[in-house]
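Peer 1: My questions concern the predicted model and sequence given below.
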Amino acid sequence: MKFLKIAVFFIGLSTFAQGKVGAVDIEYILSKMPELTAVQTELENYGKQLDLDLNKKVDAYKKLVEEYKQGEPTFTEEQKNEKQTAIINLENDIQKFQQNGAKLMDIKQTEALKPLYKKIGVALEKVAKAQNYTQVTQTTQDLVYLDPEYDLTVPILLELGITLTEED
């Protein structure tokens, strides 16, 4: 019985050892893709549009505050309350817009990068299958050492048609 347990252990170990694990630096690949320039331009334009919308709201707020300051001595109590409420509502609207603006930028970035990540994924799958990898992990800053033989970053770049210079 003891021999059987040892045999099963070694068979399991040899089966597990047959797996080939590689690693890839997705962010590096993304940075080398020519399509990234168009995505960055799209995001910059979207950000500028959000800034314009915010500036319009801020200008309207400043105008409302200035009108209130100038007319305050002549306003009735009811008019003062109405103006103050309008100012507070616009101030709250500006704060919400600023908070949502960051979220909207994140959503837009995710949406714009999705096709690029999909393209990387297709190339990764081709390279991994061609080189018989059973698992591929993403490199991170925590990775201390990676044998270049198991780094799939360059083969994936080549699969995408991206050539590297000596500097890269």
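Peer 2: Yep, it's here. Numbering: from 1, shown residues only.
Peer 1: Assign Phe97 to helix, strand or coil.
Peer 2: helix (DSSP: H, G, I helix; E, B strand; the rest coil).
Peer 1: What separation is there between it and Ala23?
Peer 2: Phe97 sits 42 Å away from Ala23, going by C-beta to C-beta, to the nearest Å. All C-beta atoms are positioned from the backbone trio N, CA, C, and that covers glycine.
Peer 1: Repeat that for Gly71.
Peer 2: 67 Å.
Peer 1: Tell me which of the two has more neighbours.
Peer 2: Just comparing Gly71 and Ala23: by other C-beta atoms under 10 Å the higher neighbour count belongs to Ala23, 18 against 12.
Peer 1: Which helix or which strand is home to the more buried one?
Peer 2: strand 21-24 (DSSP states H and E).
Peer 1: Going by neighbour count, which residues in the following helix or strand past that strand are buried?
Peer 2: Downstream of strand 21-24, the first helix or strand assigned by DSSP H and E is helix 26-32. Within helix 26-32, the residues that qualify as buried are 26, 29-30, 32, counting by 16 or more other C-beta atoms under 10 Å.
Peer 1: From the chain's centroid, how far away is helix 26-32?
Peer 2: How far helix 26-32 lies from its chain's middle: 12 Å, per C-alpha atoms, centre = their mean, to the nearest Å.
Peer 1: likewise stretch 108-121?
Peer 2: The answer for stretch 108-121 is 9 Å, by C-alpha atoms, centre = their mean.
Peer 1: Flag every buried residue along that stretch.
Peer 2: So stretch 108-121, judged by 16+ other C-beta under 10 Å, has buried residues 108-109, 112-113, 116, 119-120.
Peer 1: Kindly report the same for stretch 41-57.
Peer 2: Buried, per 16+ other C-beta under 10 Å, within stretch 41-57: 43, 50, 57.
Peer 1: What score does Lys129 have for pLDDT?
Peer 2: As predicted, Lys129 sits at a pLDDT of 93.
Peer 1: Let me fix that, I meant to ask about Phe3.
Peer 2: For Phe3, the model assigns a pLDDT of 42.
Peer 1: The nearest residue to Phe75 once chain neighbours are set aside: helix or strand, and which one exactly?
Peer 2: The shortest distance from Phe75 to any non-neighbouring residue, by C-beta to C-beta, 6 or more residues apart in numbering, is to Lys83 (6.8 Å). Assessed by DSSP H and E, Lys83 sits inside helix 77-130.
Peer 1: If you count contacts, what does that helix end up packed against?
Peer 2: Judged by 3 or more C-beta pairs under 8 Å, 6 or more residues apart in numbering; DSSP states H and E, the packing partners of helix 77-130 are helix 26-32, helix 35-71, helix 153-159.
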